[in-house]
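Colleague: Mind looking at a prediction? Sequence and model below.
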Amino acid sequence: MASLQEYQCEICGIVSGKPVHWFVIQCSNSQLTVLKWEPEAANAPGARHYCGEAHAQIYISRWLEAACTPSPAGAHPGAVGRE
Ligand SMILES: [Zn+2]
């Protein structure tokens, strides 16, 4: 058995070994899925972890802005500048 696994919130950086009311977000360029915390979902490749609704919403807002803004100021359309 592995030792206790810890997860880190993508927004505030808090780390928890028992993320009871956390959320999991899985997303691609065209789709974003919010999942209730399940170890299976949390450990899936590409899953992101958030310590609560507020921080999950921050990420969703950023994602929506990115998805709905084809050409951010100063960038050419089609140039994907996400890290
Ligand atoms: Zn957080």
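Modeller: Now that the structure is in, tell me what you want to look at. Numbering: from 1, shown residues only.

Colleague: Residue 51 touches residue 13, doesn't it?
Modeller: No - counting by C-beta atoms under 8 Å, residue 51 stays clear of residue 13, with 9.3 Å between them. Glycine gets a C-beta too; all of them are placed from N, C-alpha and C.

Colleague: out of the two, which sits in the busier spot?
Modeller: Applying other C-beta atoms under 10 Å to residue 51 and residue 13 shows that residue 51 carries more neighbours, namely 21 against 8.

Colleague: Could you pull up the residues touching that one?
Modeller: For residue 51, the contact set (C-beta atoms under 8 Å, 6 or more residues apart in numbering) comprises 9, 11-12, 14, 16, 19, 22.

Colleague: Filter those down to the buried ones and hand me the ChimeraX line.
Modeller: Buried residues within the contacts of residue 51, by 16 or more other C-beta atoms under 10 Å, are selected in ChimeraX with:
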select :9,11,19,22
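
Colleague: I'd like the contacts of residue 51 as CSV, with secondary structure and distance to residue 55 appended.
Modeller: Compiled in CSV, the contacts of residue 51 are given as follows (DSSP: H, G, I helix; E, B strand; the rest coil; distance: C-beta to C-beta, whole Å):
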residue, secondary structure, distance to residue 55
9, coil, 6
11, coil, 4
12, coil, 6
14, coil, 9
16, strand, 12
19, coil, 12
22, coil, 9
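
Colleague: Which ones, among the contacts of residue 51, also lie beside the ion?
Modeller: 9, 11-12 (C-beta under 5 Å from the ion).
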